[in-house]
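J.: Kindly return the folded structure for what I paste below:
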Amino acid sequence: MWSDIIHEFADSPSQSRVVRFLLENGFGVTEDGRISCNGIEMPATAVAKAIGSDRRVVDSTARRILERPMLREIFLNMRATPDLSRVAESLRYTVITVLPRNASERGIVGAAVRVLSDYNLSIRQIFVTDPQFSEEPKLVIIIEDVLPDGVIEKIRALPQVKQVII
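T.: Numbers count the residues shown, from 1 in each chain. Model prediction:
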């Protein structure tokens, strides 16, 4: 699906950067062609500045999104969620970052969650960076508890795992 969206903008590298930025950040588009985050409109100039582009490119990308039914439906309903990893320490949560050997391989999340559930750990949030958007895709797991001995070693031993960062 993501590759279809990116492919739709293959003819315009500048618009492709806008679309990639919107997808990476969970930003949507309003009915009137404004960039939004969870219903809050954002100035096109702010988006343009963030990606080193021009406001007109952001505006034309939003219009183009609205002209295509599949893209329109996706971007009108896009929602961003908070990243608890940035505040985990303040919340006394533990962040486990897993770098996969091959991010396209299936079962990475399930294998890591099985290890954590074997230790009866409470997971507060999981997110995965998509290999199509990130140069270094990763699995981030935020747990409510202090890590018991052996958890990290078991996650590191999973065949899908290249590295674990705490």
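
J.: measure the residue in the chain sticking out farthest from the centre to residue 41 for me?
T.: Each residue of the chain has a distance to the centre, and by Cα atoms, centre = their mean the biggest one is for residue 149: 29.6 Å. Distance, residue 149 to residue 41, using Cβ to Cβ, to the nearest Å: 49 Å. (Glycine included, C-beta is placed from N, CA and C.)

J.: cool, residue 154 as well?
T.: Distance from residue 154 to residue 41, counting by Cβ to Cβ: 46 Å.

J.: all strands of this structure, in order?
T.: Applying DSSP state E to the chain gives strands spanning 28-29, 35-37, 40-42, 94-100, 123-128, 139-143, 161-165.

J.: Tell me which of those sits most buried.
T.: strand 28-29 (a mean of 22; mean count of other Cβ atoms under 10 Å).

J.: which residues sit against that one?
T.: 22, 35-37, 62, 65-66, 72, 75-79 (Cβ atoms under 8 Å, 6 or more residues apart in numbering).

J.: Report the strands that pair with that strand, each with its relative direction.
T.: The strands that strand 28-29 pairs with in its sheet are strand 35-37 (antiparallel) (by DSSP bridges).

J.: so where's the chain shaky on pLDDT?
T.: Within the chain, the stretches with pLDDT under 70 are 1-2, 132-134.

J.: Nearest residue to the middle of it?
T.: In the chain, the centroid-proximal residue (Cα atoms, centre = their mean) is residue 129; its distance is 4.6 Å.
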